[in-house]
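1. 3D, please:
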Amino acid sequence: MEYYTLQICGLTRQLPISHISKKTRLASFSILGDVELVDKLADDFAKKLKDKQIDYVVGTEVKAVPLLHGVALRLGHKRFMVCRKTVKPYMIGPVILKPLSHFPSHVKQLVLNGQDAVQLKGKRVVIIDDVISTGVTMRMMKKMMEKVGAKVVSIMVVLKQGEQFDKDLEFSFVAELPIFQVEAG
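-> Predicted structure coming up:
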């Protein structure tokens with residue numbers, strides 16, 4: 001197995017490289033279970049957000065949840081919000097945002113618990129995710145926040161992968177993750 005060495009927040013991680021097509025390989029990144037890295041990232045994000053008057057931290061399931069928790073804790077918040085990909089039994093009056101028809105077929109809907117939507121109305125939020133690769137999820141998260149009446153004041157991701165983003169999508173990131181192109185032959 002091949003690995004990519006990632007230097008992030010003073011730590012070194014060996015990421016396995018996977019083939020996603022004949023010509024493209026990606027380094028697999030996950031913060032799930034990595035307490036040391038989550039703590040360093042949460043410290044970094046909270047420090048950058050301390051003067052932004054954030055009411056809620058929001059993000060998508062599942063890989064970003066430990067970071068959402070860590071940032072919310074450091075900002076003194078008692079809650080953070082998570083958009084899911086399917087309606088869950090605990091949800092009351094879920095708000096659903098379906099992907100636009102021109103989005104890639106792998107893009108899933110976003111679902112927010114209706115009770116969370118009520119709490120987000122009129123609030124200032126930061127959207128946090130682990131990796132941004134196409135920007136589609138972030139655009140959908142922004143759209144969901146608009147739909148429920150929240151104001152997105154910042155978008156933060158751990159890793160930026162590639163350069164294929166909308167010009168108008170502004171976000172901050174901690175490190176970059178390359179996309180490996182394999183030569184044919």
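
2. what residue ranges in the chain score low on pLDDT?
-> Filtered on pLDDT under 70, the chain yields the residue ranges 164-167, 184-185.

3. so what's the residue nearest the centre of it up against?
-> Centroid check for the chain by Cα atoms, centre = their mean gives Asp129 as the closest residue, at 1.4 Å. Asp129 makes contact with Gly59, Thr60, Ala64, Thr137, Met138, Met141, Met156, Val157, Val158, according to Cβ atoms under 8 Å, 6 or more residues apart in numbering. C-betas here are computed from N, CA, C, even on glycine.

4. the closest residue in space to Lys121 that isn't next to it in sequence: how many residues sit nearby?
-> Closest residue to Lys121 apart from its sequence neighbours, by Cβ to Cβ, 6 or more residues apart in numbering: Gly149 at 4.0 Å. Neighbours of Gly149 under the rule other Cβ atoms under 10 Å: 12.

5. the longest strand seen in the chain: which residues count as buried?
-> In the chain, with assignment by DSSP state E, the single longest strand is strand 151-161. Of the residues in strand 151-161, Val152, Ser154, Ile155, Met156, Val157, Val158, Leu159, Lys160, Gln161 count as buried by neighbour count, 16 or more other Cβ atoms under 10 Å.

6. elements contacting it?
-> helix 35-49, strand 124-132, helix 136-148, strand 172-177 (3 or more Cβ pairs under 8 Å, 6 or more residues apart in numbering; DSSP states H and E).

7. what's the angle between the last one and strand 151-161?
-> With axes from the mean of the first three to the mean of the last three Cα atoms, to 10 degrees as the criterion, the two stretches strand 172-177 and strand 151-161 enclose an angle of 20 degrees.

8. contacts for strand 172-177 next, please.
-> Identification of contacts with strand 172-177 by Cβ under 8 Å, 6+ apart yields 4, 6-9, 15, 26-27, 29, 41, 44, 48, 131-132, 154-161.

9. hmm, try it at 10 Å
-> By Cβ atoms under 10 Å, 6 or more residues apart in numbering, the residues outside strand 172-177 that reach it are 4, 6-9, 15, 26-29, 40-41, 44-45, 48-49, 129, 131-133, 154-163.
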